[in-house]
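K.L.:
Below are the sequence and a predicted model for it; my questions follow.
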Amino acid sequence: MAEADIAFVAAAGAAGLALSVSAWAWRLRNRMLTRASAANARQTALESRLADRDAGLGAFGEIYLALTPDGESGVMEPQGEPADIQRVRAVLLGDREGDLLTALTASAPENADRLERLRTQGAPCDFLARTPRGILRVQGRAAAGAAWLKLSSEVLRSHDGADEAEPLTELSPVPSWRVDGTGRLVWANRAWLEEVKAESVADAVDRGLGFDRGADALIAEAARLGMRQEGFRWTSGGGRRRAWRIIAEPLGRTESGEALGAAAFALDVTEAEETRDTLRRHVEGHDETLNHLADAVAIFGPSKRLAYHNTAFQQLFGIDPAWLDDRPTHAELLDRLRQRRQLPERDDYPAWKTRELEFYGATEAAPDDSWSLPDGRTLRVVRQPHPLGGVLLLFSDITGELDLRSRYNAQIQVQRATLDKLNDAVAVFGSDGRLRLHNEAFETFWGVTADQLGEASDFDSLAELCKRTAPDAALWLGLKARVADPDPESRVAVSGETRTEDGRLAAWQTRPLPDGATLVAFADVTARRELEQALTEREAALRESQELKRQFVGSVSYELRTPLTTIVGYSELLEAQGLLDDRTRQHAGAIRVAANQLARSIDDVLDMAQIDAGEMDLSLGDVQVCDVLEQCAERVRARIEGRGGVVEVVCPEKIGAVRADQKRLVQALDHLLDNAARSIGEGGRVTLEAARGVGETRFRVTDTGHGIPYHLQAHVFDRYIQRERGGPGVALALVKALIELHGGWAELESEPGKGASFILHLPHDAQPAAAHPELGLELQEGRA
């Protein structure tokens, strides 16, 4: 190969090598640039994270120290904000220069032990390092093969008075705060800030917030006097009232004598105060309840002095309230009651008094006792230990109760004796169905003895004894329902009858008693029912005879009226013809008068029979009173004047009308006038008068005759009784019946030898029931 070729080949190889080296160098440079860029990015990220961590650590006022295996801090300086480092150095070293770890170890021997265990064993620690210049919180942890310390730069108290919060106090739920010598707030924990609704101490100072004016005054007083002060305050917030116990503690004074301020704590005692208030109201309610009791109550405390008494106690013994308010001892009270003769008479009073006072050592209530006082009262005394110590005494005046019990027992004896005198068999059952009381007739009626009744444990046992006499199962089942069933529908009065085995007819009845008991009575009514049957038969016979009598009277009256009409007609004809001499004409006139009187008597008898049968109806209308009196007087005037007497009518002009049956009213007045005419003689007087009263009109017929004897006055209106004034005894009975048909009544006023007065009381409006139905309707329409 020629040199030129060799040179060319060499040059080409060198050129290729140069190109290869250049390509490799370019690629290597690119890789280095990429790695450098990634390293720069990682460095930037690490620096950012470190800055964030430093900022985060610095935000809480804390610094950090790393411990080397030999115990020295090495070249690593404290990590944290310079101001925080400076504050920690000021607390640990003051104005001196030195190592923080050495100062921390020298603060207390136990601190050195804690740090040594942290360094060698990795044991965590958390303690307070105290120096004359303040308190630091130190926390130690082992991480990544190294031991770290965290020192909080916040201090509880420093020598220069620049106070912040100790971490443990800051977390306390008790509101706590401090003020300086001027009373200015310098620190408060979270609980205090939440209570006053402040964001921070600075916010509270700017807004002038305080826990309570009284609490602020208490703190100022503690700082001024240099003595601990306590107080009690109520505050309002969050929709409720809260109670606080305020404790203010002075912080001392400077070398110049100025007050460093005071620290205060507010303890929430709301629950305790509410409990105390509830207890107080409960005690007051208890006392008020006792004051409303009728029984006297006295409570003596463990010291044997009167702790409480109600009003009834003071009134029962009549003791001066002021003396009771002085809280006398139990012994003094007994002595005073003895002086006032308000204790039972005792032969050995000192021994009795000693026994009374020995009860203070008892654990159970003593049996009830009774005191019989000299003034006649009887007291029930109850003694029982009081839950809070001492003795509770209750006094009840049972004088009235004993008297009522005595009366009750006497009443029971009277009832028992009364029941024993009854012919009916009577038994009283309680609500439990047991026999409480019975009489001797009950034993006789059922053929049982008192012992057998006493052995009957319940109603069913008693029923089995009585079923031998009356085996009616339905009867005893029904009686049991009335006796033992508490249902009000069952406890009602019922009655019935049953037949016994010996043929007797027994009537029974039950009556519920007010105390829940039931009275059951049995009576033998066999004879009574036989008598009732006989009376029923006789009543039917009597009604039949009355009907026959009515028919007989009607028939006889009809038969008599026909010949009487003939007699009256012919006698009037003989008198009118003038063919008879005077004597014979008088005889004919007497025949006519007698026939007319007999006809009237027959009419009276028929009217009475019609009234008895309830067949007489009234034709009511407005009757002018004065007109009726004049008409009646005119009809009888000639007869009375013929006997030498006078008729007088007295009727007020404004008396008006009365609602009545005019025919029947006139009939009644005619009978009374006829009766009066027969009773007077020469110079006699008959007065017919009317007067209007309250709801009635009174008709009075008065004569000056010889009157009616006292023994006949009670029967003057009876029928079919012969009277001294003559007549068959129907007229006056008919008068009374006619007036009663109008709803009125008749009466007699008479004194023997001085005449008689018959008074008819007629209501202004006759009863519609006594009139025809159609007349009753007319009367109602007239009133409308």
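P.N.:
All right, it came through fine.

K.L.:
Excluding chain neighbours, what is closest to Cys618?
P.N.:
One correction, residue 618 is Leu, not Cys. Among residues not flanking Leu618 along the chain, Asp661 sits closest, at 4.1 Å (C-beta to C-beta, 6 or more residues apart in numbering). C-beta: built from backbone N, CA, C; applies to glycine.

K.L.:
for the one you found, phi and psi?
P.N.:
Main-chain torsions, Asp661, degrees, to the nearest 10: phi -90, psi 110.

K.L.:
Can you report how many residues neighbour it?
P.N.:
Number of residues near Asp661 (other C-beta atoms under 10 Å) recorded here: 24.

K.L.:
distance of it from Val628?
P.N.:
Asp661 sits 11 Å away from Val628, taking C-beta to C-beta, to the nearest Å as the criterion.

K.L.:
Check Pro302 too.
P.N.:
102 Å.

K.L.:
which of these two has more neighbours?
P.N.:
Val628 (21 against 12).

K.L.:
quick one: the more buried one and Val666 touch, right?
P.N.:
Yes: counting by C-beta atoms under 8 Å, Val666 is a contact partner of Val628 at 6.1 Å.

K.L.:
and stretch 684-700, how far out from the chain's middle?
P.N.:
Put simply, stretch 684-700 sits 63 Å off its chain's centre (C-alpha atoms, centre = their mean, to the nearest Å).

K.L.:
tell me the mean pLDDT over it?
P.N.:
Stretch 684-700 shows a mean pLDDT of 91 in the predicted model.

K.L.:
which of the residues in that stretch are buried?
P.N.:
Going by neighbour count (16 or more other C-beta atoms under 10 Å), the buried part of stretch 684-700 is Gly684, Arg685, Val686, Thr687, Leu688, Glu689, Ala690, Glu696, Thr697, Phe699, Arg700.

K.L.:
What of stretch 510-521?
P.N.:
Residues Thr510, Arg511, Pro512, Ala517, Thr518, Leu519, Val520, Ala521 are the ones in stretch 510-521 that count as buried (16+ other C-beta under 10 Å).

K.L.:
Show me the residues you listed that map onto strands.
P.N.:
The members of those that map onto strands under DSSP state E are Thr510, Arg511, Pro512, Thr518, Leu519, Val520, Ala521.

K.L.:
Next, count neighbours for Arg87.
P.N.:
By other C-beta under 10 Å, 23 other residues sit near Arg87.

K.L.:
how near is it to Arg482?
P.N.:
Arg87 is 100 Å from Arg482, by C-beta to C-beta.

K.L.:
now Thr687
P.N.:
When distance is defined by C-beta to C-beta, Thr687 is 66 Å away from Arg482.

K.L.:
Provide a list of residue ranges in the stretch 251-400 of the chain with pLDDT below threshold.
P.N.:
Residues of the stretch 251-400 of the chain meeting the criterion pLDDT under 70: 254-257.

K.L.:
other SSEs contacting the helix or strand where Phe445 lies?
P.N.:
When elements are assigned from DSSP states H and E, Phe445 belongs to helix 440-446. Using 3 or more C-beta pairs under 8 Å, 6 or more residues apart in numbering; DSSP states H and E, the elements in contact with helix 440-446 are strand 425-429, helix 450-455, strand 518-524.

K.L.:
Which elements pack onto the helix or strand following the shortest one?
P.N.:
Heading C-terminal from strand 425-429, the first helix or strand you meet, by DSSP H and E, is strand 435-438. In terms of contacts (3+ C-beta pairs under 8 Å, 6+ apart), strand 435-438 is packed against helix 399-421, strand 425-429.

K.L.:
Repeat the analysis, applying 6 Å as the threshold.
P.N.:
Secondary-structure packing of strand 435-438 (3 or more C-beta pairs under 6 Å, 6 or more residues apart in numbering; DSSP states H and E): strand 425-429.

K.L.:
Dump the C-alpha coordinates for the strand it packs on into PDB.
P.N.:
Once non-C-alpha atoms are left out, strand 425-429 reads as follows in PDB (Å, rounded to 0.1, in the frame of the first residue of the first chain):
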ATOM      1  CA  ALA A 425    -133.300 -12.700 110.000                       C
ATOM      2  CA  VAL A 426    -130.600 -10.100 109.300                       C
ATOM      3  CA  ALA A 427    -126.900 -10.600 108.400                       C
ATOM      4  CA  VAL A 428    -124.200  -8.100 107.400                       C
ATOM      5  CA  PHE A 429    -121.400  -9.200 105.000                       C
END
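
K.L.:
Pull up the pairing partners for it, direction included.
P.N.:
Within its sheet, strand 425-429 is paired with strand 435-438 (antiparallel), strand 518-524 (antiparallel), according to DSSP bridges.

K.L.:
Please name whichever of these is nearest to Lys549.
P.N.:
strand 518-524 (37.8 Å; C-beta to C-beta).

K.L.:
The stretch 201-350 of the chain: strands as residue ranges?
P.N.:
229-237, 240-250, 262-268, 296-300, 306-309 (DSSP state E, counting those that start in this stretch).

K.L.:
For the ones you listed, give me JSON lines that also has distance to Gly753 and mean neighbour count.
P.N.:
Shown next, in JSON lines, are the strands of the stretch 201-350 of the chain (distance: least, C-beta to C-beta, whole Å; neighbours: other C-beta atoms under 10 Å):
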{"stretch": "strand 229-237", "distance to Gly753": "105", "mean neighbour count": "14"}
{"stretch": "strand 240-250", "distance to Gly753": "103", "mean neighbour count": "18"}
{"stretch": "strand 262-268", "distance to Gly753": "112", "mean neighbour count": "21"}
{"stretch": "strand 296-300", "distance to Gly753": "77", "mean neighbour count": "21"}
{"stretch": "strand 306-309", "distance to Gly753": "83", "mean neighbour count": "21"}
